[in-house]
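Engineer: attaching a predicted model along with its sequence, questions to come.
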Amino acid sequence: MKEKGSFRSSRMGKGIYILPNLFTTANLFCGVYAAVASMKGLFEIAALNIMISAVLDTLDGRIARMTNTTSKFGSEYDSLVDLVAFGVAPGLLAYAWALGSFGKWGWIAAFLFVTCGALRLARFNVQLGTIDSRFFNGLPIPAGAAMVATSVLLYFQCGGEGTFPHPVVLIGVFALALLMVSNIKFYSFKDLNVFARKPFMSLVLIVLILVIIVAEPQIMIFTFFAGYCLSGPFWFLYRLTKKTAERVRESKNSSPKQMFL
């Protein structure tokens, strides 16, 4: 009887939680659908599905933590799905929409985006719990994918049609790929407590931002992700400039003492 009970408990231990993994599976569905839509030339639909994947990716983790259904299986499954939804799907979208006309440089850029996204996910899993949770080490892969998707949505919002074979997209995809594997820090927003008391003007500001987003969603969402992707390099340059200025100031202050000695 004990052996039978232990066998049942071991089987139960190998089970999976349904609810958070359903959201992760929906994330995978949107990623695959975005890839198929890109191959068919339905660029707006592909971009929209990538953005839906980003929302689902945020929800599955939060739901798992709120319902206390986090698991090793769920985290591994989520990483594999993220590679499809935020690596392969935006890589194919960028190639079909803009990079195909650049020949080998186009598919190399798309390949580099997917590869760096995979490396970014692997490094994140290894470094989880060992670095400051307030910051991401390198650009998060969902932000890189959203940057590609919102660029497509903004292009069609501004009256564009068909493909957009412009060098700025080629350069941008290369830059996003390198930012993902860089050591540049990006704010994670994990220390924001929306349930804590905030000043009254904070609510007013949030309402104004939501109104603007609803009025011009493509422009505002593109602006947000573009600003986020640029925030890391700007913060890195600011800290580098500040450290350089401090070293110069220290060297100037110490030189008279050395001459006196």
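Structural biologist: Now that the structure is in, tell me what you want to look at.
Engineer: low pLDDT regions in this structure?
Structural biologist: Filtered on pLDDT under 70, the chain yields the residue ranges 1-15, 191-198, 200, 255-261.
Engineer: that one: strands as residue ranges?
Structural biologist: 135-137, 185-187 (DSSP state E).
Engineer: mind giving me the packing neighbours of the first one?
Structural biologist: Think strand 135-137. Here strand 135-137 touches helix 104-127, strand 185-187, going by 3 or more C-beta pairs under 8 Å, 6 or more residues apart in numbering; DSSP states H and E. Just so you know, the C-beta spots here come from the backbone N, C-alpha and C atoms, and that holds for glycine as well.
Engineer: and the shortest one, what's buried?
Structural biologist: If I follow you right, that is strand 185-187. Buried residues in strand 185-187, defined by neighbour count with 16 or more other C-beta atoms under 10 Å: 185, 186.
Engineer: same question for the longest one.
Structural biologist: Buried positions in helix 104-127, judged by neighbour count with 16+ other C-beta under 10 Å: 106, 109, 110, 112, 113, 114, 116, 117, 118, 120, 121, 124.
Engineer: return the residues in contact with the closest residue to the fourth one other than its chain neighbours.
Structural biologist: Right, the one you point to is residue 112. Of all residues not flanking residue 112 in the chain, residue 177 sits nearest, at 4.5 Å (C-beta to C-beta, 6 or more residues apart in numbering). Applying C-beta atoms under 8 Å, 6 or more residues apart in numbering to residue 177 gives the contacts 109, 112, 113, 115, 116, 117, 144.
Engineer: cutoff 7 Å now
Structural biologist: Neighbour list for residue 177: 112, 113, 116 [criterion: C-beta atoms under 7 Å, 6 or more residues apart in numbering].
Engineer: residue 116 now?
Structural biologist: Contacts of residue 116 by C-beta under 7 Å, 6+ apart are 177, 178, 180, 181.
Engineer: for the contacts of residue 177, which one is nearest residue 96?
Structural biologist: residue 113 (13.1 Å; C-beta to C-beta).
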